[in-house]
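Q: Turn this into a structure:
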Amino acid sequence: QVQLVESGGGLVQAGGSLRLSCAASGRTFSNYAMGWFRQAPGKEREFVAALNRSGGSTYYADSVKGRFTISRDNAKSTVYLQMNSLRPEDTAVYYCAASRSLAIAAITSENGYSYWGQGTQVTVSS
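A: Now for the predicted structure:
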C-alpha cells in the first residue's frame with residue numbers, strides 16, 4: 001500500500017502561481033511513477049502531468065504544457081506540481097497518484113495508477 005497526501009491548494013487570482021505537494025508513505029517511493037490529475041465540477045478526471053521513477057522523463061497535457069512543472073524528490077518521498085500562469089479553467093480538485101508501470105501510455109492515463117490521494121482544491125479567480 002502507498003498512502004498519498006496532497007497539500008498546497010488554495011485560491012489564487014488568474015496569472016498567479018501555486019505549488020502542490022504530494023507526500024508518499026508506505027512503500028519505496030522511487031519504485032513508482034507519479035502523476036497529477038484533476039477533476040473540475042461536472043467533468044471527468046483528466047491527466048495533468050506525470051514523471052517516471054527517476055524523474056528524468058516528464059509528460060504533460062497540452063493544456064498545461066509550458067505553465068506547469070512536475071518534479072520529485074525521492075529522498076523526501078514527495079512529488080510536486082508547480083503551476084504558473086494559472087487560468088480560471090485550471091480550477092479543479094487536483095489528485096496525485098502512484099503507478100508501478102513503466103509504460104508511457106499507462107502513466108499518462110488514470111487507468112495506469114493504483115494509488116490515489118484524496119485531492120486538494122485549486123480555485124483560480126478571474
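
Q: ok now the helix-or-strand element of the chain with minimal mean pLDDT, how far from the chain's centre?
A: Least confident helix or strand of the chain, by mean pLDDT, DSSP states H and E, is helix 104-107 with a mean of 88. Computed by Cα atoms, centre = their mean, to the nearest Å, the chain-centroid distance of helix 104-107 equals 14 Å.

Q: got the contact list for the residue nearest the centre of the chain?
A: Nearest residue to the geometric centre of the chain (Cα atoms, centre = their mean): residue 36, 2.0 Å. Shown in contact with residue 36 (Cβ atoms under 8 Å, 6 or more residues apart in numbering): 20, 22, 48, 49, 50, 70, 79, 81, 94, 95, 96, 97. From N, CA and C alone the C-beta is placed, and that goes for glycine too.

Q: pretty sure the fifth one contacts residue 61?
A: Same thing as residue 50. No. Assessed by Cβ atoms under 8 Å, residue 50 is found out of contact with residue 61, at 9.6 Å.

Q: who has more neighbours, these two?
A: Legend: neighbour count by other Cβ atoms under 10 Å for residue 50 and residue 61, higher for residue 50 (26 against 16).

Q: Please tell me how far the more buried one sits from residue 58.
A: 7 Å (Cβ to Cβ, to the nearest Å).

Q: Residue 112 now?
A: From residue 112 to residue 58 the distance is 15 Å (Cβ to Cβ).
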